[in-house]
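**Student:** everything below, folded, please.
(one chain, ligands or ions: 2)
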Amino acid sequence: MTIIAVDGPSGSGKSSVSREVSRRLGLAYLDTGAMYRAVSWICLERQADGADAVAELARTADLRISTDPDHEQVVIDGHDVTTEIRETRISESVTIVSTNLAAREALIARQRALIEAAAETGIVAEGRDITTVVAPDADVRLLLTAREEARLARRAKELHGEADEHNIASTRAQIIDRDAADSAVTQFITASDGVHTLDSSALSFEETVQAVLDLVADAG
Ligand SMILES: Nc1ncnc2c1ncn2[C@@H]1O[C@H](COP(=O)(O)OP(=O)(O)OP(=O)(O)O)[C@@H](O)[C@H]1O
Ligand SMILES: Nc1ccn([C@H]2C[C@H](O)[C@@H](COP(=O)(O)O)O2)c(=O)n1
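**Tutor:** Ligands and ions are numbered 1, 2, ... in the order given. Have a look, this model is predicted:
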């Protein structure tokens, strides 16, 4: 089976590039960040109080995520949260899950099971710890990076339509502060041994997708 593991900081292009690569190669696609976001959603919904309550929900919630790159869907305990998990309130609260080690353990086990379930088609899985913890034996392991100003400008443009000074400033918490919190529990700023680094700062989206496809072809 083909497993392509992609990590990187927020706004580096992991999700959009990985989704497109999986489409072009006919592979499944797993957005592990969406799983952290869904658990964050249910924690807010249930007003989970404290680290144990958060970990318990990560272990027990009925979490379903589509691995079809053309059908984005995340359902938790019967609620379709596909759109809601992208809201700012979730981006700003998701570190209650991502920095909780017991919650991480539960989600990592679920992610490994999803990757295993896609054995026949192969899969592109992306997040913060896929190359190092979730699938360290993946066929291709990639750290997708981009300079801070490029990542801020991309996310500001995506959220507000324009990357002016004001929009970039209001996006900062979602990108820089969240990465700082997540860096305490996962290593996604520098590549581990055997992991390729691709800096997309000066590349267009299409050029980045092509660079990943070239890397996969070289590995095959
Ligand atoms: N090489 C690129 N050049 C320009 N824009 C890009 C490039 N790669 C991705 N983008 C755009 O940047 C934005 C952020 O990309 P994406 O959501 O894929 O990042 P991410 O790393 O998954 O972020 P997060 O971890 O916060 O979810 C999107 O609007 C995407 O279309
Ligand atoms: N494998 C992963 C995936 C995601 N996270 C964290 C990082 C973010 O704070 C949050 C949401 O991720 P995003 O949708 O922005 O990629 O989940 C992680 O710790 N490990």
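
**Student:** tell me which helix or strand in this structure has the weakest average pLDDT.
**Tutor:** Counting by mean pLDDT, DSSP states H and E, the weakest-scoring helix or strand in the chain turns out to be helix 165-172, with a mean of 88.

**Student:** list the buried residues in it.
**Tutor:** Neighbour counts using 16 or more other C-beta atoms under 10 Å place 167-168, 171 of helix 165-172 among the buried residues. Bear in mind the C-beta positions are built from the backbone N, C-alpha and C, glycine included.

**Student:** with stretch 210-220 instead?
**Tutor:** Of the residues in stretch 210-220, those buried (16+ other C-beta under 10 Å) are 211-212, 215-216.

**Student:** which one of those is nearest ligand 1?
**Tutor:** The shortest approach to ligand 1 among the buried residues of stretch 210-220 belongs to residue 211, at 9.2 Å (C-beta to the nearest ligand atom).

**Student:** show me what contacts the closest one?
**Tutor:** Neighbouring residues of residue 211 by C-beta atoms under 8 Å, 6 or more residues apart in numbering: 198, 200, 203.

**Student:** a strand runs through it, doesn't it?
**Tutor:** No - counting by DSSP: H, G, I helix; E, B strand; the rest coil, one finds residue 211 to be helix, located in no strand.

**Student:** quick revisit: how far does the least confident helix or strand of the chain sit from the chain's center?
**Tutor:** Centre-to-centre, helix 165-172 and its host chain are 22 Å apart (C-alpha atoms, centre = their mean, to the nearest Å).

**Student:** does it reach ligand 1?
**Tutor:** No - contact of helix 165-172 with ligand 1 (C-beta under 6 Å from any ligand atom) is absent, the minimum separation being 10.2 Å.

**Student:** restricting to C-alpha, output that helix in PDB.
**Tutor:** Extracted in PDB, the C-alpha atoms of helix 165-172 (Å, rounded to 0.1, in the frame of the first residue of the first chain):
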ATOM      1  CA  GLU A 165      -2.100  44.600   7.300                       C
ATOM      2  CA  HIS A 166      -5.300  44.500   9.400                       C
ATOM      3  CA  ASN A 167      -6.400  41.100   8.200                       C
ATOM      4  CA  ILE A 168      -2.900  39.700   8.700                       C
ATOM      5  CA  ALA A 169      -2.800  41.000  12.300                       C
ATOM      6  CA  SER A 170      -6.200  39.400  13.100                       C
ATOM      7  CA  THR A 171      -5.100  36.100  11.600                       C
ATOM      8  CA  ARG A 172      -1.900  35.900  13.700                       C
END
